[in-house]
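Trainee: Pasted the sequence and its predicted model underneath.
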Amino acid sequence: MDITLAVLAAGMGSRYGGIKQLEHVGPAGEIIMDYSIHDALAVGFNKVVFIIRREMQDDFDEVIGRRLEEKFRALGVRWAYAYQQPEDMPAGRVKPWGTGHALLCCKSYLDGPFAVINADDYYGRHAFERAYAFLSESSPDRPDKYGMIGFSLANTLSDAGGVTRGVCSVDASGNLTNIVETRNIVKTPDGPAVQSPDGALRPLPKDSVVSMNMWLLTPSFLACLEDGFAAFRAGLHDPLKDEYLLPDIIDRRLQAGKATVQVIRTDEQWYGITYQADRAWVNQAFRRLVDQGVYPPDLYSDL
């Protein structure tokens, strides 16, 4: 059975000011998604789909595609590009339609259980181990049983500014009951807090479960995405900014009783580049992981 890693890499990186998915952060010039791909292959994923904008392909080929092609062939890993293309984009809109639409753009490659990740987030080996174990046990009898890797909020913050996180509610059985996209969560000396425009702080528990958009899904979800996208387009409030986002889509299915999502906790430390100032911190983090032996200096040499 194929277990696929779908890498969301078509975002604009507006706060960062460039294509942050392709920034070199590792000691030998690796990019963040190198580490995710390494960890996914190490635990058993055997198919990778990069979801990009077509105009990014030359940069992707140069930075990662040609470099990994030989390794993928040696390991028997299939891979492909899928393109998030504009669909009747309103005049003046720059951003793609969002992560839900991005996943729709690669539906022809998703014929078995799959994990979805952001290209610019580091999730850690443990997260991929748990993701693979969950997907390996996917059953056709439960096509609407999904999973989500849940991180502790305190492990996902940036020193450089506020971040947006999906703050989750989880029931006693470990299932997701609600997810709320919460903007401008900042680090303070007393722990995480939501900062309002006037500077007021609302504390949040540091062990709050948050989503980092690492979803574990089945092909049946794609039909829901397709139906929902038509409704989204018909009900646009702001044609220039509205986005069709995976957390919103999954939350609506939860509230309608049409799906269950098992929250699979990890204590991994997140690393990612939201702002330019994050880059030095992320560089240091990956150098430290190599020094500690978590990754070899030649990243893919142990596969």
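Mentor: Good, I have the coordinates.

Trainee: May I have the beta-bridge partners of the nearest residue to residue 37 once chain neighbours are set aside?
Mentor: Nearest non-adjacent residue to residue 37, counting by Cβ to Cβ, 6 or more residues apart in numbering: residue 48, 6.3 Å away. Quick note: C-beta positions are derived from backbone N, CA and C, even for glycine. On the basis of DSSP bridges, residue 48 is bridged to residue 5, residue 79.

Trainee: ok, residue 48 touching residue 82?
Mentor: No. Contact criterion Cβ atoms under 8 Å: residue 48 and residue 82 do not qualify, at 10.9 Å.

Trainee: mind checking how far stretch 173-180 is from the chain centre?
Mentor: 18 Å (Cα atoms, centre = their mean, to the nearest Å).

Trainee: Let me fix that, I meant to ask about stretch 95-109.
Mentor: Offset of stretch 95-109 from its chain centre (Cα atoms, centre = their mean): 13 Å.

Trainee: Low-confidence stretches in this protein?
Mentor: In the prediction, the chain carries residues with pLDDT under 70 at positions 11-21, 86-88.

Trainee: ok, which stretches of the protein are strands?
Mentor: Using DSSP state E, the strands of the chain run over 4-8, 47-52, 78-83, 114-118, 121-122, 145-152, 163-170, 176-186, 193-195, 201-203, 209-217, 260-266, 271-272.

Trainee: Adding distance to residue 224 and mean neighbour count, write the ones you listed out as CSV.
Mentor: Formatted as CSV, these follow (distance: least, Cβ to Cβ, whole Å; neighbours: other Cβ atoms under 10 Å):
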stretch, distance to residue 224, mean neighbour count
strand 4-8, 16, 25
strand 47-52, 18, 24
strand 78-83, 18, 17
strand 114-118, 14, 24
strand 121-122, 24, 23
strand 145-152, 11, 24
strand 163-170, 18, 20
strand 176-186, 16, 17
strand 193-195, 30, 17
strand 201-203, 33, 12
strand 209-217, 10, 23
strand 260-266, 13, 19
strand 271-272, 28, 22
